[in-house]
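Undergrad: I need the structure of the sequence given here:
(2 chains)
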Protein chains: 2
Amino acid sequence: MSEIKWSEIEDKIARRAFDIAYERETLALIEGVRAKASAIAKLDDLWHLNDILSSKRYEIDGKYDYSHASLIFTFAGLLQEKWINLDELEGINPDKIAKIAALSRMQ
Amino acid sequence: MSEIKWSEIEDKIARRAFDIAYERETLALIEGVRAKASAIAKLDDLWHLNDILSSKRYEIDGKYDYSHASLIFTFAGLLQEKWINLDELEGINPDKIAKIAALSRMQ
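TA: Model prediction:
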């Protein structure tokens, strides 16, 4: 996939969709943590929150990779998890969109 | 310190003081985390909370050691951090109390 070229306009659309997905996922995570934290009653709940945060940190660090070489896979993952939808990729070459959609269904 | 003997009555007083300290510290931690969590605005705040939790987990796991061999040191630490006060150790042999108090001032 590393040979796939992204035009300037595609890059702009991709960057925007990527940033939107990141915003959505981080906002959902922050809201989830706030809700969990307000329900903490004992020490085990704290350590459970600690485990969730460690795991999410690792996951998010790995997931949001904007290199062109991995962008098709990145978007397939974000589409599969519903952090973006196909409409938000409109303007990107249909071959790329088809690859993203196909990969998102395989994961 | 491992040769220090704890009588049954001393053990009862010590266990109670130990449990009270644990309750106080964990309650303070839970309240602190709830307050921090409600103020989380961005992802970095989440990871900062994650770091605090990881560090506190390690600290608390190590600190609350109720073996008789380390109890003098355990209480010295809890006294120094004000999770217990000397009154709560009343009934324990004055030599032990003096050791605990002296050690708490050295830490």
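Undergrad: Now chain A against chain B: closest residue?
TA: In chain A, no residue comes nearer to chain B than residue A:37, which is 3.1 Å away by C-beta to the nearest C-beta. (Each C-beta comes from the backbone N, C-alpha and C, glycine too.)
Undergrad: is it true that that residue touches residue B:35?
TA: No - in this structure residue A:37 lies outside contact range of residue B:35 using C-beta atoms under 8 Å: 9.0 Å.
Undergrad: and those two? which has more neighbours close in?
TA: Here residue A:37 and residue B:35 are compared on neighbour count by other C-beta atoms under 10 Å in any protein chain shown; more neighbours surround residue A:37, at 20 against 10.
Undergrad: Skipping adjacent residues, who's closest to the more buried one in space?
TA: Closest residue to residue A:37 apart from its sequence neighbours, by C-beta to C-beta, 6 or more residues apart in numbering or on different chains: residue B:37 at 3.1 Å.
Undergrad: list the contacts for that neighbour?
TA: Shown in contact with residue B:37 (C-beta atoms under 8 Å, 6 or more residues apart in numbering or on different chains): A:33-34, A:36-38, B:49.
Undergrad: check contacts around residue A:98.
TA: Going by C-beta under 8 Å, 6+ apart, the list of residues near residue A:98 is empty.
Undergrad: what's the distance between it and residue A:15?
TA: 21 Å (C-beta to C-beta, to the nearest Å).
Undergrad: a strand runs through residue A:12, doesn't it?
TA: No - with DSSP: H, G, I helix; E, B strand; the rest coil as the criterion, residue A:12 is assigned helix and is not in a strand.
Undergrad: Run a quick neighbour tally on it.
TA: Residue A:12, neighbours per other C-beta under 10 Å, totals 13.
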